[in-house]
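Undergrad: give the three-dimensional model of this entry:
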Amino acid sequence: MDTELQIQNKKIELIQRVSVIEDLSFLEKISDLISRESKKDWSDEISAAEKKSIKEGIAQANAGKLNPHSKAREICCSREN
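TA: You can find the predicted model right below:
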């Protein structure tokens, strides 16, 4: 079974199960969980090494150590040859 079909089946199963719950407190907990999951930031998903690299890049930019796009293309293209 492909992943997309599994996802759709799981959604239907959850809808069916949630639709019969009568406990408001439990429903609020489910709602809170869904809200927290949908508010995740991309920065929570990246590795420590990626975060470190981003911080280093920002520090370099703040220190004025930037290369214009033309310079980057020059470096890139010279490596290809």
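Undergrad: now do residue 30: how many residues are near it, please.
TA: By other Cβ atoms under 10 Å, 13 other residues sit near residue 30. Backbone N, C-alpha and C define where each C-beta goes, glycine included.
Undergrad: which residue is the nearest non-sequential neighbour of it?
TA: Closest residue to residue 30 apart from its sequence neighbours, by Cβ to Cβ, 6 or more residues apart in numbering: residue 18 at 6.6 Å.
Undergrad: that neighbour sits in which helix or strand?
TA: Element membership of residue 18 [criterion: DSSP states H and E] is helix 3-19.
Undergrad: which elements pack onto that helix?
TA: Packing contacts for helix 3-19, counted by 3 or more Cβ pairs under 8 Å, 6 or more residues apart in numbering; DSSP states H and E, involve no helix or strand.
Undergrad: any idea which residue is closest to the centre of this protein?
TA: By Cα atoms, centre = their mean, the mean C-alpha position of the chain lies nearest to residue 42, the distance being 3.4 Å.
Undergrad: okay, that one: pLDDT?
TA: What the model reports as pLDDT for residue 42 is 81.
Undergrad: how near is it to residue 7?
TA: Residue 42 sits 21 Å away from residue 7, taking Cβ to Cβ, to the nearest Å as the criterion.
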